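Asks: here's my sequence, what's the structure:
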Amino acid sequence: MLACLAGPASAQDVAPAQAGMRARLERLHAYLEQATGRDGYPGAVSLIAVDGRVVDLRAYGHEDIARRRPMAPDAIFRIYSMTKPITSVAALMLVEEGRLSLDDPISRYLPEFAPAGARAVPTVRQLLTHTAGFATDAGEHPEAARRLAEAAPEKAKDLAGYVRRVASVPLAESPGTHFHYDGTNTQVLARVVEVIAGMPFHAFLEKRIFTPLALRDTGFEVPVAQRARVVDLGVRTTAGQWALADTESARVPGERISAYDNGAGGLYSTASDYFRFAQMLANGGELDGVRLLSRKTVALMMTDQLGAMQPPLAGPGPGEGFGLGGYVVTDVARRGRLGSVGQFGWSGAASTYFTVDRSEHLVAILMAQYLPEGDAPALPRLSVPFFNLVYQALP
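Replies: So this is what the prediction gives:
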């Protein structure tokens, strides 16, 4: 069920090409109405912007798994790994200021990683590209992964404690030799930002990114007065029924996802807030007169880093490489879906997605709150149909 439509008030408010796009977006609306129907996701919010202008912002379905509260376009979502590009921007801001270099060994800022014996030390670039060699792949490195699990960094109270626990475990492989996507890389990067900035990571984000970009509903926790806007975090039972996820942030919506400032997956946000962050990237580092990064830094961020390594490393999927904090499309045909070479983006574990396509002047965002879990029958992922339907509507 369509809950809300926001955006330009009439066709006169948009260019003719964008008016035509809105007509073709009815296919997208129909798909998301069906996907949030009785047997689908409880609800979702989608946002599409072209040339820096929001041409479509819609809410579908409901905010709660009982399907009693209609979804609102300003609903607040746990964005999980869509936190990572924000953390990456924080680090790149320090690179631009000359306080950090991509090829610095992280032991320069985190003495816990000081070389011992033959142990190699990852670089900042390897944190950003998930090639640092941490023991996060239990299939390939079961013993190293077991030791990291025993160190339990996720139980740390702060990022300093997280890093101490990670550094107590040997690397599973030499830095720069394999791409293994995992939050450990980005948590360590967040601690690097803390150390260099001399302030807690959340304070850096608030001062240097959230406030300048006017991201009013983005943070590691939601103010109590706004918690009614947080969407239920749902899972499916083996019987196909809906239930709340077994997490503190599901039981108490708006509570911190982790005790520490989780730079890999701890933020809450809205579609409109995340649009402002993504549009800053689409604009080459600037939004509404506020510049966070130079256009050349953004270009580097959105350039595949893995293909330049020797030998080249496989990326997240066919036709995809990895930049400094997100996927980069390298081959549209191999990827097998509509898009552009150079397209950049990422997703979150609870069904949130975004992409920035600078060649098409496009930002597209989809927010839902569903965690696939265990042996329960999984719902179809929304991302491929969503982005295909966005691209087919472009003028």
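
Asks: for stretch 132-149, which positions count as buried?
Replies: Within stretch 132-149, the residues that count as buried by 16 or more other CB atoms under 10 Å are 132-137, 141, 144-145, 148. Backbone N, C-alpha and C define where each C-beta goes, glycine included.

Asks: farthest pair in those residues?
Replies: Using CB to CB, these span at most 14.4 Å, a distance reached by 132 and 145.

Asks: right, and out of the buried residues of stretch 132-149, which lies closest to residue 242?
Replies: residue 136 (30.4 Å).

Asks: circling back to that earlier point, how about the buried residues of stretch 132-149 in TSV, adding distance to residue 244?
Replies: Compiled in TSV, these are given as follows (distance: CB to CB, whole Å):
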residue	distance to residue 244
132	34
133	36
134	31
135	31
136	27
137	30
141	34
144	34
145	29
148	29
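
Asks: out of these, which one sits closest to residue 42?
Replies: So of the buried residues of stretch 132-149, ranked by how close each gets to residue 42 (CB to CB), first place is residue 136, at 31.1 Å.

Asks: show the contacting residues for the closest residue to that closest one other than its chain neighbours.
Replies: Excluding its sequence neighbours, the residue lying closest to residue 136 (CB to CB, 6 or more residues apart in numbering) is residue 182, at 3.7 Å. Shown in contact with residue 182 (CB atoms under 8 Å, 6 or more residues apart in numbering): 130, 134, 136-137.

Asks: how about residue 225?
Replies: Neighbours of residue 225 in contact, by CB under 8 Å, 6+ apart: none.

Asks: hang on, it is in a helix, isn't it?
Replies: Yes: counting by DSSP: H, G, I helix; E, B strand; the rest coil, residue 225 is part of a helix.

Asks: separation between the nearest residue to residue 326 once chain neighbours are set aside and residue 140?
Replies: In space, and not counting its chain neighbours, residue 326 is closest to residue 346: 4.3 Å by CB to CB, 6+ apart. Separation of residue 346 from residue 140 (CB to CB, to the nearest Å): 23 Å.

Asks: same deal with residue 120?
Replies: Applying CB to CB, the value for residue 120 to residue 140 is 18 Å.

Asks: also residue 220?
Replies: 32 Å.

Asks: which stretches of this structure have low pLDDT?
Replies: 1-19, 117 (pLDDT under 70).

Asks: the longest helix in it is where?
Replies: Longest helix in the chain, counting residues (DSSP state H): helix 183-197.

Asks: so for the helix or strand just after that helix, what gets flagged as buried?
Replies: Of the helices and strands lying after helix 183-197 in sequence (DSSP states H and E), the nearest is helix 201-205. Across helix 201-205, burial judged by 16+ other CB under 10 Å covers 201-202, 204-205.

Asks: widest-spaced pair of those?
Replies: Once CB to CB is applied, these give 202 and 204 as the farthest pair, at 7.4 Å.

Asks: all helices for the protein, in order.
Replies: Using DSSP H, the helices of the chain run over 16-24, 26-35, 84-96, 124-128, 142-151, 159-167, 183-197, 201-205, 248-251, 271-282, 295-301, 332-335, 383-392.

Asks: gap between the fourth one and the chain center?
Replies: Meaning helix 124-128. Helix 124-128 sits 17 Å away from the centroid of its parent chain (CA atoms, centre = their mean, to the nearest Å).

Asks: go on, stretch 178-191?
Replies: Per CA atoms, centre = their mean, the centroid offset for stretch 178-191 relative to its chain is 13 Å.

Asks: cool, and stretch 291-299?
Replies: Centroid displacement of stretch 291-299 relative to its chain, using CA atoms, centre = their mean, is 19 Å.

Asks: who touches that stretch?
Replies: Residues outside stretch 291-299 that contact it (CB under 8 Å, 6+ apart) are 89, 92-93, 95-96, 208-209, 212-213, 280-281, 284-286, 301.

Asks: got the end-to-end distance for that stretch?
Replies: 15 Å (CA to CA, to the nearest Å).

Asks: distance of the closest residue to residue 157 other than its chain neighbours from residue 245?
Replies: With CB to CB, 6+ apart as the criterion, residue 157 has its nearest non-adjacent residue at 5.1 Å, and that residue is residue 259. Using CB to CB, we find residue 259 at a distance of 18 Å from residue 245.

Asks: which one's more surrounded, the two?
Replies: More neighbours surround residue 245 than the other of residue 259 and residue 245, with 19 against 15 (other CB atoms under 10 Å).

Asks: contacting residues for the more buried one?
Replies: 233-235, 371, 373.

Asks: go again with 10 Å.
Replies: Residues near residue 245 by CB atoms under 10 Å, 6 or more residues apart in numbering: 65, 78, 232-235, 251, 350, 369-371, 373.

Asks: check residue 240 too.
Replies: Residue 240 makes contact with 39, 376-377, 379, according to CB under 10 Å, 6+ apart.

Asks: any chance of those in a markdown table, plus distance to residue 264?
Replies: Listed next are the contacts of residue 240 as a markdown table, based on distance: CB to CB, whole Å:
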| residue | distance to residue 264 |
| --- | --- |
| 39 | 32 |
| 376 | 25 |
| 377 | 28 |
| 379 | 24 |
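
Asks: which of those residues are buried?
Replies: Using 16+ other CB under 10 Å, the buried ones in the contacts of residue 240 are 376, 379.

Asks: what are the buried residues along stretch 283-299?
Replies: In stretch 283-299, counting by 16+ other CB under 10 Å, buried: 283-287, 292-293, 297-298.

Asks: repeat for stretch 356-368
Replies: Neighbour-count burial for stretch 356-368 [16+ other CB under 10 Å]: 356-358, 360, 362-368.

Asks: now stretch 231-249
Replies: Using 16+ other CB under 10 Å as the burial criterion, the residues of stretch 231-249 that qualify are 231-236, 242, 245, 249.

Asks: lovely, talk soon.
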